[in-house]
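> return atomic coordinates for the entry below.
(2 chains)
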Amino acid sequence: MWWYVGKRLLQAIPVFLGATLILFILLKLRPGDPILNLAGNKPVSQEVRDALAAQYHLDDPLFVQWFQFVKSAITFDFGETFAGQPVFDLIKETFPVTVTLAVMALSIDAILGITLGTIAGLRRNGWFDSSMLVISLAMLAIPIFVLGFVMQLIFGVKLGWTSPTVGSDWTIGDLILPAIVLAIANFAYTIRLTRTSVAENLSADHVRTARAKGLSERMVVRRHVLRNSLVPVVTYIGINLGSLMAGAIITETIFNIPGVGNAAYTAIFKGETSTVVAIVTFMVMVYVLMSLLVDLVYAVLDPRIRYA
Amino acid sequence: MSTNPVSTGPLLEIENLEVGFRAGKDLLTAVDGASLTIYPGQTIAIVGESGSGKSTLAHAVIGLLPGNGQITGGAIKFEGTDISHANRSQIMALRGSSIGLVPQDPMSNLNPLWRVGTQIKEALVANGVATGSAADKRVVELLEEAGLPDAERRARQYPHEFSGGMRQRALIAMGLAARPKLLIADEPTSALDVTVQKQILDHLDTLTESLGVAVMLITHDLGLAAERADHLVVMYRGKIVESGPAREILQRPEHPYTKRLVAKAPSLTSQRLSSVAAARAEVREQAVQTAAEIAAEVAHSATVLGEGVDDILVVDNLTKVFTLRGARPWQKVDFAAVEDVSFRLRRGTTMAIVGESGSGKSTVARMVLDLLPPTAGRIEFDGHDLRDLKTKAERLKLRRQMQPVFQNPYASLDPLYSIYQSIEEPLRTHDVGTKKEREAKVRDLLDKVSLPTTVMGRYPGELSGGQRQRVAIARALALDPEVVICDEAVSALDVLVQAQILELLNDLQAELGLSYLFITHDLAVVRQIADDVLVMQDGKVVEAASVSQVFDNPSQDYTRRLLDAIPGASIQLGL
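Next up is the predicted model:
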């Protein structure tokens, strides 16, 4: 197994190089002038412009900029933001709230999604199943930015149950509403996936054999249907944790949460190439690690899978 | 329910049972007025082809009909109480403790995620036999009883670490865990090799006899049924058409279906030496003659590959070594799937390669078809070494003359291709004729395999297994090959269909002078089709001889064991 883990970690190196290079190219194509942004959209003299360009390596060719970035990244030096804060500190500061938000969204997704999906799967084609189908389709159809603003308006502004924005002194309670918004799109998929998996397993031969042994229906479902059905679902949810963190940009901006997504958004706006690349690369790495973790959990759930 | 059932009364009485499946608004009858009686300790066998309703009958008894199935009439009395409309908890009380089940497919009937021991322990706990560490001890005893060596270690393993035979033993231990009075064995060995099948059935026999368990054995194999049960029930299209003592039914079948079954079951016909051997000799004579004519033609034409030599296929010292991953990532293990196999296939004859799963017989077929490069050795087709065929055109020529027919007619036809498209495809690939000519050829081929031309527009899903295998044969014949390689071509079919396909293969051989390489695990069918036999074990040839020699005078222990394992071989038919 350690051999496998080592192999997977080595694979992270080309992923890192590829991801940073693509990001550099993409940000180069982005319209706007970073120096103008840096100076607060005021006209700057040529000398200042040259000095700033030299400081942030903005006048070098793209590949040289990329090479510089990779070279310093090896020593965890990701440079500084235009505001003068080390990028590494910025990530360290904003990461906790993003992780908390992602884990909360994931819990909502897993607990509700698996429970509702299982009930729907056990009573396939019943009224519960049918209404779940309609509800999950609706959840999938509404874009997160529409849902986010609507929920913010209803629960935050009109009803006043929670504060509409979060701000820098955040608490767990403030994050409940954003977490629900973040969870909803994935949650609909989890219901569909669990439902299909349960329904499929229900007609498996070994489930019939379990019944023939004289097991009660509850035991049959718990031991022989649920555990088998959860293997694909857990895989899906696990990979989601990575994408939830990355996908938090919209939610964090709507609710003004001081997370990694928000920091990335600000950096993109200002054209701080190296900051954006550092944050996004960091998220890519989180994603790579998460999918490795999921693959290892997969082997725990299913004894047939062995890594070598 | 009486607590002390009268020992002389019947254990299970099924009276005029009707079971239907709901499909949309229609109710399809699967079991139509079936009646049978089982006494304590008695073994009865229910025989029938797929779709005859035998499994449905068994599932009705233990209350495991699928969701759209329901009992529409009649009664199932277990120890005098009607359980046909019992509620869930009543049925649950019977399952495991009174009625046990050994299911059909050992590969899919164990939950892959739980240890084998845990799954047997569940049965003990659920039926209140034992709990905790007492149950763990009992599990090991049960596995030992089912004939699994090293039971203590095995109980801690997962199903994927077991072979098919071992899994079936675990399922037997599970079915008998709570000491039921009736054991339903639903095709318990049809997925296993013959020698393993014999061991398992022998063991099941002794076990049920010593425990006094009544057995309801469900099988499609008449020979096996007659050998294992004293009482036979023959089912056909949902009805019980005949029932009575096994020997009597075999010797004096009354219903036309039973008569056909007795006449065609390969396990039984393999004994009828004279008639089969004579018919086969006639086929061969005609085939060899036709083949010689074709060979002469081939030798004089430049369009086809070949020289018209006597041995159409010569295989010399064929070896295939696969490199497998070892225990450590950097280690490699060599595994010889085929070792030093040599044979000659004479024009117009059939060579059967017989062996159990893992014997390397299919690997030989793949190498002969030029689908897998051999590690060492030589394959010569009609005087040409396959290795000399370098260009794509030469390879195409070879492919035209050697065509395969595979085991599973459900998987080897593309479900999205109409029958016409499936048979026409090889003609199109090889650019044979115009569209009109190709259509005429397809019609001709369908006629050869005795299918009506109306099937051309239909899809594989609309045909039965036997019809599909006929389509696969027609497709193989489309390019007028000289050699047809049948890899378990009849193994997935019901006995009567199997007999029809074998007859068709024989007729085609006589008519077209084909040469067959016939790969099978089933020695019983070999007698009806082959002239020479190659018995393989662990990648090596253990015996190579003519059919009559192998059957009448096997020289190797292994061959003898395979012959003994043919179910029903010991039964005297008195014919």
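
> measure whichever residue of the stretch 51-200 of chain B sits closest to chain A to B:His430 for me?
Chain A sits closest to B:Gly96 of the stretch 51-200 of chain B, with a gap of 2.8 Å, by C-beta to the nearest C-beta. Any C-beta I mention is one placed from the backbone N, CA and C, and that applies to glycine too. Noted for B:Gly96: a distance of 59 Å to B:His430, by C-beta to C-beta, to the nearest Å.

> between the two, who's got more neighbours?
B:Gly96 (29 against 14; other C-beta atoms under 10 Å in any protein chain shown).

> with adjacent residues omitted, what lies nearest to the more buried one?
A:Gly214 (2.8 Å; C-beta to C-beta, 6 or more residues apart in numbering or on different chains).

> how about the residues of chain A near chain B?
By the rule C-beta under 8 Å from any C-beta of the partner chain, the part of chain A lying against chain B is A:3, A:203-206, A:208-217, A:219, A:223-224, A:227-228, A:231, A:301-304, A:308.

> quick one: buried ones out of these?
A:204-206, A:208-215, A:219, A:223-224, A:227-228, A:231, A:302-303 (16 or more other C-beta atoms under 10 Å in any protein chain shown).

> just to revisit the earlier point, just the residues of chain A next to chain B: which are in helices?
Members of these lying in helices (criterion: DSSP state H): A:3, A:205-206, A:208-212, A:217, A:219, A:227-228, A:231, A:301.

> still on that earlier bit, which residues does the residue of the stretch 51-200 of chain B closest to chain A contact?
Contacts for B:Gly96 were tallied using C-beta atoms under 8 Å, 6 or more residues apart in numbering or on different chains; they are A:212-215, B:123, B:126-127, B:177-178, B:180.

> give me that answer again for 6 Å
A:213-214, B:123, B:127, B:178 (C-beta atoms under 6 Å, 6 or more residues apart in numbering or on different chains).

> what's the answer for B:Val194, then?
B:Ala565.

> helix, strand, or coil at residue 154?
All of this is about chain A. With DSSP: H, G, I helix; E, B strand; the rest coil as the basis, A:Ile154 sits in helix.

> tell me, how many neighbours does it end up with?
Neighbours of A:Ile154 (other C-beta under 10 Å): 13.

> also B:His85?
10.

> so for it, what's the nearest residue that isn't a sequence neighbour?
B:Ile71 (7.0 Å).

> quick one: that neighbour is in a strand?
Yes. Assessed with three-state DSSP, B:Ile71 lies in a strand.

> ok, it - contacts?
B:19, B:60, B:84.

> same deal with A:Gln65?
By C-beta under 6 Å, 6+ apart, the neighbours of A:Gln65 are A:His57.

> so which helix or strand takes in it?
Using DSSP states H and E, A:Gln65 maps to helix A:62-73.

> okay, buried residues for that helix please.
For helix A:62-73, using 16+ other C-beta under 10 Å, the buried residues are A:65-66, A:69-70, A:73.

> and what of stretch A:143-151?
For stretch A:143-151, burial by neighbour count (16+ other C-beta under 10 Å) applies to A:147-148, A:151.

> CSV for those, including secondary structure and pLDDT?
Below are the buried residues of stretch A:143-151 laid out as CSV (DSSP: H, G, I helix; E, B strand; the rest coil; pLDDT from 0 to 100):
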residue, secondary structure, pLDDT
A:Leu147, helix, 86
A:Gly148, helix, 85
A:Met151, helix, 86
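
> in chain B, what helix or strand scores lowest on average pLDDT?
In chain B, the helix or strand scored least confidently by mean pLDDT, DSSP states H and E is helix B:266-269, which has a mean of 60.

> does residue 291 sit in a helix, a strand or a coil?
In the absence of a named chain, this looks at chain A. With three-state DSSP as the basis, A:Ser291 sits in helix.

> ok, and the closest non-adjacent residue to it?
Leaving out its chain neighbours, A:Ser291 is closest to A:Ile239 (C-beta to C-beta, 6+ apart), at 5.8 Å.

> and for A:Ala212?
B:Leu101 (3.8 Å).

> contacting residues for the closest residue to chain B within the stretch 201-308 of chain A?
As assessed by C-beta to the nearest C-beta, chain B sits closest to A:Gly214 within the stretch 201-308 of chain A, at 2.8 Å. Shown in contact with A:Gly214 (C-beta under 6 Å, 6+ apart): B:95-97, B:126-127.
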